[in-house]
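Asks: Provide a 3D model corresponding to the input given below.
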Amino acid sequence: MGFLDNFEKGLERVVNGAFTKTFKSELQPVEISGYIRSEMDAKASIISRDRILAPNTFTVSLATPDFKRLASLGDDLIVELTEAANKHAKKQGFQFGSELLIKFREDSSLNLGQVQVHSTTVKNEIEW
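Replies: Prediction:
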């Protein structure tokens with residue numbers, strides 16, 4: 001990630017943090033989907049002319065109230081977010097090195113409505 005990417009992410013965190021502190025509201029799944037798409041777009045890597053590799057593991061950090069509320073939706077939420085991410089990847093021409101995985105984690109340092117998404121590319125390990 002370059003300097004401008006880091007600067008943009010930092011600026012986004014500041015603006016989103018100030019906005020969510022001022023206008024407290026519950027986080028909606030469609031917003032999470034947007035954050036995942038943005039992270040995927042930002043971290044996609046051109047491997048060759050015909051292959052653009054996107055991260056396949058996303059960790060979504062949520063404020064405690066949002067985490068508890070969204071956890072009540074269960075696996076259906078993960079399935080819907082995964083389908084939306086796969087659809088976006090297909091539209092963009094992205095490929096994954098392995099199966100797409102979305103995980104949630106509770107982060108007590110975040111305010112209601114705030115979300116952070118971190119991604120990695122994890123390869124399937126082949127066992128002999």
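Asks: Is Phe67 within a helix or a strand, and which one?
Replies: Assessed by DSSP states H and E, Phe67 sits inside helix 64-71.
Asks: just checking, next helix/strand downstream of the helix or strand of the chain with the lowest mean pLDDT?
Replies: One helix or strand of the chain scores below all others by mean pLDDT, DSSP states H and E: helix 3-22, with a mean of 50. Later in the chain than helix 3-22, the nearest helix or strand by DSSP H and E is helix 29-43.
Asks: In three-state terms, label Asn86 for me.
Replies: Classification of Asn86 by DSSP: H, G, I helix; E, B strand; the rest coil places it in helix.
Asks: Report the separation between the closest residue to it other than its chain neighbours and Pro55.
Replies: Of all residues not flanking Asn86 in the chain, Leu100 sits nearest, at 6.1 Å (CB to CB, 6 or more residues apart in numbering). Backbone N, C-alpha and C define where each C-beta goes, glycine included. Distance of Leu100 to Pro55, given as CB to CB, to the nearest Å: 9 Å.
Asks: between those two, which one's more packed in?
Replies: Applying other CB atoms under 10 Å to Leu100 and Pro55 shows that Pro55 carries more neighbours, namely 24 against 18.
Asks: Tell me what the residue nearest to the more buried one when sequence neighbours are not counted is bridged to.
Replies: Once flanking residues are discounted, Pro55 sits nearest to Ser119: 3.6 Å by CB to CB, 6+ apart. Here Ser119 sits in beta bridges with Phe58, as judged by DSSP bridges.
Asks: can you pull the contacts of Ser119?
Replies: Glu39, Met40, Lys43, Pro55, Thr57, Phe58, Thr59 (CB atoms under 8 Å, 6 or more residues apart in numbering).
Asks: helix/strand/coil for the residue lying closest to Ala71 once chain neighbours are set aside?
Replies: Leaving out its chain neighbours, the residue that sits closest to Ala71 by CB to CB, 6+ apart is Phe104, at 7.1 Å. On the three-state scheme (three-state DSSP), Phe104 is labelled strand.
Asks: Perfect, I'm done here.
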